[in-house]
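>>> A predicted structure for the sequence below; I have some questions about it.
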Amino acid sequence: MHTCYRGGQDLLEMNNVLYYAAKTAVAMVDLRDNSLQILDKNSGLSDVGICCLGSSKTAKMLVICYENANVDLYNGRTIFNVPDIYNKQIAGNKSINRVFCDDDYAYLASGIGIIVVDLKKKVIKDTWLFKKGNLMYEVNDLVIQNGIVYAATDYGIFQSNRNNTFINNFATWEQITNVNTPNNNLFRQFAVLDNTIYVLKDDTVVFHTDTSDILKIKNVIYVKNNNLWDTANIELDDSSPRFVCRFISASQDRFFAGTNGEVQRYQWIPNQNKFEREVIYCWCPGGWCDVPTAAVYVNERAYISTSRGLSRGNLEDWTSAIDIPTPAQIPATAMDWKKSKLAVVHNTTEDWKPVWNRANVSILRGEEDWKTITSNQVATDLVDFIDVCIAPYDTAIVYAASNLIGLIETRSDTVYKVYNHTNSPLGSIGDGSTRTVRMAFDAYNNLWTNTWTDSDPIAVLTKNGDWYSFGIPFVGAYQMGAIFADSRGWIWVVYDREKKLAIFNPDRSSGAIRNGKWADLNLSLKEEEGAFTYIFTITETKDGHIWIGTDKGIKIYYSPSRLLNEPHVIPQSIPVQVVRYGDTLVELVLGSEKVNCIKVDGGNRKWVGTESAGVFLLSPDGKTELFHFTKNNSPLPSNTVYSIAIDGESGDVYFGTDKGLISFRYTATDSKENYENLKIFPNPVRENFDGYISISGLMEDSEVKITDAFGKLVFRTVSNGGTAVWDGKRYDGHKASTGVYFVFINDENGEEKRAGKILFIK
């Protein structure tokens, strides 16, 4: 899992360990030695979409809650899933807002009321539905003190004795009416300090002017004094025009109020009967965008969860980040891999319109060396990156396509230049934006891209920095989609909002790039042939075929070189025979799936990412399903897969989803020209190993034979690309016993080229 830790959801401390929740993982920072552990789906969490945490020191349990009402419990060793509310069909909003733990129970404030979890038995003990007539009262937060349960809702604070026999009947709860407020509603969050309860509330205040009365929302903190709830003596610094109080919390002897871009820390002064503000932690530049979500106080130091990550509050009014290697954002919508470097962008469009999302390019070198490309040389806001390409001639150069500001060139992880309609042939649709869509490098190191424009929507930037642009001689050509450069140097262009496909063979005879020959392809398939409407991705296989991902599966041009002269030739689907209820039928591979991306590995196998069915690995001809990964049978965080990238050296396959990025190490390596870098891993094979042994650094279609010490053949296979794998089992299905096994490698002509050994310890 390559988790994004910049969207902090919650933070708590238990036994000198910080538990910091991002959307898809929990980072555990041991404050005694600053060591870091990660809980994510790959290490046992049941889900993604974490929304809040709770902890019980009595039960020694961490409570992890998800947006879909799923719950995990972690005791420091084992993760237990409590899926009852998630699985149960309940009308209304089941989302969990806050957690309050008391003794051996966790109380979950949710959209349907309060859910009680028995932490010892690890089951749902009870559900207290807050239902009045047909209206369900969402519980925003709760607290228990002196046996009384207090629930904060948009309709007031409600209370009940925890020993109330009929506590699960909302009619037995009492609404608190003695709150000194102009309106008894919109209660958000509780905090308890020295057995005193505080509540954050949105007060609707009327401001009178000479001409009208204006309603405004003002955040106010109230405190329970005996049986009265009065305004707390806390001076919030609300001078910012964007002021919103987002949370309150109490930790040890400190009180925190989180506002836009700030966290204000207070200490109670008993002899003055008030809180004194000690420090305001803030973030610059653009601090108001960095939304705080939680704060704790440990060993005289504040720790703060924000939208940009986990920070440490120092003695002065500044913070320093606690570095956790991370991509910049959660969705991984487009990726490129070249020469041990992965580049990722994180934005999409909505109905072909810009969404003005902050844009970053995340760069990965090695396994955890994440960097974020920053803008420190240009004044332009970086927004809406929807594609990324690494220059094949220099991996220090990375290009990002923005659906608002044009083409961004970065060098050495810093923005170098922004190309738009004012300084390049990239077009504009007249609103001042430059809506670049997709990019592709051709075999000559030229970068092709497209924009939404009425004229010359195709542009190319050469390695030398020269620009050329071209119009498309077909109707609807300004509404651009995918673009792809094949091994012939032809440019494949999807246009008319992803509904049409054209080929362009540019004229390179003069040294410059000139207009050449165009062909508008025939996509009119019949229903039984696999008719489709939209095209989302194009790629070329190792045997020269063109595979196209559509809203109705995969289509293939088996002889693409014919198409410039024979554009009437239609693409073909992949038919396979299947047996259904005793009958043999012909079906089309992935015929009903929306295919977002296709990548070809070193063995000419196809990795296919879909909109709702996860990832498929298909055989070279596409007729055999080798793997099918979903969020239910693998650590894949989501079945919506936007992008795939393959590291041809290590065999790592990266899957970019709407819920984050994950990689899977397999045999997707590129073949070699010789056997100089042969590697067998793991070696030795330990007694507890239960995976694949890889023999990598091979030439294409190498034969691998494994024998025991007596020369008896125990396994034989042929490499996929540059790697062959063995599951450690003999032909009879039994695990190999302790001893030395010999590996003999022949090239495709049958000549023995290399040998090796594997030591098994059983």
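Ah, there it is.
>>> So what's the gap between the host helix or strand of Tyr198 and the chain middle?
Using DSSP states H and E, Tyr198 sits in strand 196-208. In terms of Cα atoms, centre = their mean, to the nearest Å, the centre of strand 196-208 is found 36 Å from the chain centre.
>>> Show me which parts of the following helix or strand past it are buried, residue by residue.
Downstream of strand 196-208, the next assigned helix or strand under DSSP H and E is strand 213-225. Of the residues in strand 213-225, Asn219, Val220, Ile221, Tyr222, Val223, Lys224 count as buried by neighbour count, 16 or more other Cβ atoms under 10 Å. (Glycine included, C-beta is placed from N, CA and C.)
>>> Not counting strand 213-225 itself, show me its contacts.
179-181, 196-207, 229-234, 236, 238, 243-245, 248, 257 (Cβ atoms under 8 Å, 6 or more residues apart in numbering).
>>> Stretch 302-310 now?
5-11, 13, 18, 20-21, 27, 29, 254, 256, 258, 263, 265, 281, 283, 289-297, 311-313, 319, 321-322, 324, 326.
>>> What of stretch 69-83?
26, 39, 43-47, 60-66, 85-86, 94-96, 108, 110, 115, 117, 119, 122-124.
>>> Just the buried ones from those residues, in ChimeraX syntax?
Only the buried entries of these go into this ChimeraX selection, using 16+ other Cβ under 10 Å:
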select :26,39,45,46,47,61,62,63,64,65,66,85,86,94,95,96,108,110,115,117,119,124
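>>> So which of the contacts of stretch 69-83 sit within strands?
26, 39, 61-66, 96, 108, 110, 115, 117, 123-124 (DSSP state E).
>>> so which of the residues you listed would you say is closest to Phe715?
Leu39 (37.1 Å; Cβ to Cβ).
>>> ok, the residue nearest to the closest one when sequence neighbours are not counted to Phe187 distance?
Closest residue to Leu39 apart from its sequence neighbours, by Cβ to Cβ, 6 or more residues apart in numbering: Val26 at 4.3 Å. Per Cβ to Cβ, to the nearest Å, Val26 is found 28 Å from Phe187.
>>> same question, Val143
For Val143 relative to Phe187 (Cβ to Cβ), the value is 11 Å.
>>> other SSEs contacting the host helix or strand of Ile662?
Assigned by DSSP H and E, Ile662 falls within strand 660-665. The contact analysis (3 or more Cβ pairs under 8 Å, 6 or more residues apart in numbering; DSSP states H and E) places strand 660-665 against strand 652-657.
>>> If you count neighbours, what's buried in the strand it packs on?
Asp652, Val653, Tyr654, Phe655, Gly656, Thr657.
>>> Point out the other helices and strands that it packs with.
Short answer (3+ Cβ pairs under 8 Å, 6+ apart): strand 652-657 packs on strand 334-338, strand 606-610, strand 641-646, strand 660-665.
>>> Run me through the strand neighbours of the second one, direction for each.
For strand 606-610, the paired strands and their directions (DSSP bridges) read strand 595-600 (antiparallel), strand 615-618 (antiparallel).
>>> low-scoring stretches of this structure, by residue?
Low-confidence segments of the chain (pLDDT under 70): 206-215, 240-242, 283-289, 314-318, 375-380.
>>> ok, back up a step: give the bridge partners for the residue nearest to Leu39, please.
Residues in beta-bridge contact with Val26 (DSSP bridges): Ala21, Leu39.
>>> do you know how far Lys125 is from Lys526?
Distance from Lys125 to Lys526, by Cβ to Cβ: 59 Å.
>>> Compare those two and say which one has the larger neighbour count.
Using other Cβ atoms under 10 Å, the more surrounded residue of Lys125 and Lys526 is Lys125, with 14 against 8.
>>> and the more buried one, what is it in contact with?
Lys125 makes contact with Tyr105, Val116, Val117, Asp118, according to Cβ under 8 Å, 6+ apart.
>>> what secondary structure does Val149 sit in?
strand (DSSP: H, G, I helix; E, B strand; the rest coil).
>>> isn't it right up against Val139?
No - applying Cβ atoms under 8 Å, one finds Val149 not in contact with Val139, separated by 10.2 Å.
>>> Could you pull out the residues contacting both of the two?
Counting by Cβ under 8 Å, 6+ apart, the residues touching both Val149 and Val139 are Ile114.
>>> Which one of those two is surrounded by more residues?
Val139 (26 against 21).
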